[in-house]
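**Q** Take a look and give me a structure for this.
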Amino acid sequence: MQIKTDYAANNIPNYIEERDIFGQIKPKKLFVFKRSFHKSKNAPDLNVNYAGFWTRALATLIDLIVVIFVLAILDSMFLNNHFIIDNLNMYRIIIGILAWIFYNGLSDSSVYQATIGKMILKMNVIDLFGKRLSILKASLRCISTIFSILPLGLGFWYITTDPKKQAWHDLISGSYVIKLQNK
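**A** A predicted model of the protein is given here:
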């Protein structure tokens with residue numbers, strides 16, 4: 001009597017679902033790059049209005065003005081220098097980048113779920129389940145904007161083609177920017 005032993009390592013029964021370290025169901029047979037852009041099976045479809053490219057760009061412009069204004073005041077108070085473009089050096093750039101990450105990380109994970117620019121334009125940042133982002137995920141979202149910026153800003157223009165209006169950094173962090181409904 002012979003027993004068939006031609007089991008493949010990838011033959012997992014349909015009723016057993018492979019899960020990742022966060023408990024999410026792993027999509028089967030997707031490459032590494034496709035996995036990062038693949039929507040989790042566990043995430044529900046949300047009934048929300050997603051914020052478009054131009055409203056998000058305007059909110060970012062407002063936030064840049066706020067952060068630069070605060071940094072200019074702090075620079076003039078503590079360093080007794082006037083914030084002049086000619087006097088821009090490396091430590092100011094590093095402080096500006098860290099302030100931007102800190103500002104976005106705290107604001108997007110706060111109770112308001114938005115920066116000042118997003119609050120003015122009535123937008124929120126949510127995760128895949130419609131909940132508030134953690135401070136770590138909000139900071140990761142801000143840091144990963146470098147992937148949207150570097151290839152000539154194509155990651156931001158992806159908002160115009162995506163049905164849920166996500167940029168590449170939103171896909172990486174698993175977040176959405178939504179417009180709030182007027183009641």
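
**Q** Where is the longest helix in the chain?
**A** Taking residue count as the measure and DSSP state H as the definition, the longest helix of the chain comes out as helix 53-78.

**Q** Show me what that one is packed up against.
**A** With contacts taken as 3 or more CB pairs under 8 Å, 6 or more residues apart in numbering; DSSP states H and E, helix 53-78 sits against helix 90-108, helix 116-120, strand 123-127, helix 154-157. In short, each C-beta sits where N, CA and C put it, glycine included.

**Q** And the shortest one, what's buried?
**A** To tie it back to what came earlier, the one meant is helix 154-157. By neighbour count, and taking 16 or more other CB atoms under 10 Å as the criterion, the buried residues in helix 154-157 are 155-156.

**Q** returning to that earlier point: mean neighbour count, the helices and strands packed on helix 53-78: which tops it?
**A** Mean neighbour count (mean count of other CB atoms under 10 Å) peaks for strand 123-127 among the helices and strands packed on helix 53-78, with a mean of 21.

**Q** Pull out the CA atoms of it and give them to me as CSV.
**A** These are the backbone C-alpha positions of strand 123-127, laid out as CSV (Å, rounded to 0.1, in the frame of the first residue of the first chain):
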residue,chain,number,x,y,z
MET,A,123,-10.6,67.3,6.9
ASN,A,124,-9.6,64.4,9.2
VAL,A,125,-6.9,61.7,9.0
ILE,A,126,-8.2,58.2,9.8
ASP,A,127,-6.8,54.7,9.6
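
**Q** can you give me the angle the longest helix of the chain makes with helix 90-108?
**A** Helix 53-78 runs at 130 degrees relative to helix 90-108, counting by axes from the mean of the first three to the mean of the last three CA atoms, to 10 degrees.

**Q** re the thing from before, quick one: closest of the helices and strands packed on helix 53-78 to residue 164.
**A** Go through these one by one with CB to CB and the one that ends up closest to residue 164 is strand 123-127, at 11.2 Å.

**Q** And residue 57, how close does it get to residue 128?
**A** 23 Å (CB to CB, to the nearest Å).

**Q** Between those two, which has more neighbouring residues?
**A** Between residue 57 and residue 128, counted using other CB atoms under 10 Å, the more crowded position is residue 128 (16 against 13).

**Q** Surely that one and residue 170 touch.
**A** No. Here residue 128 does not reach residue 170: they are 10.2 Å apart, not a contact under CB atoms under 8 Å.

**Q** and for these two, which residues touch both?
**A** By CB atoms under 8 Å, 6 or more residues apart in numbering, residue 128 and residue 170 have these common neighbours: residue 176.
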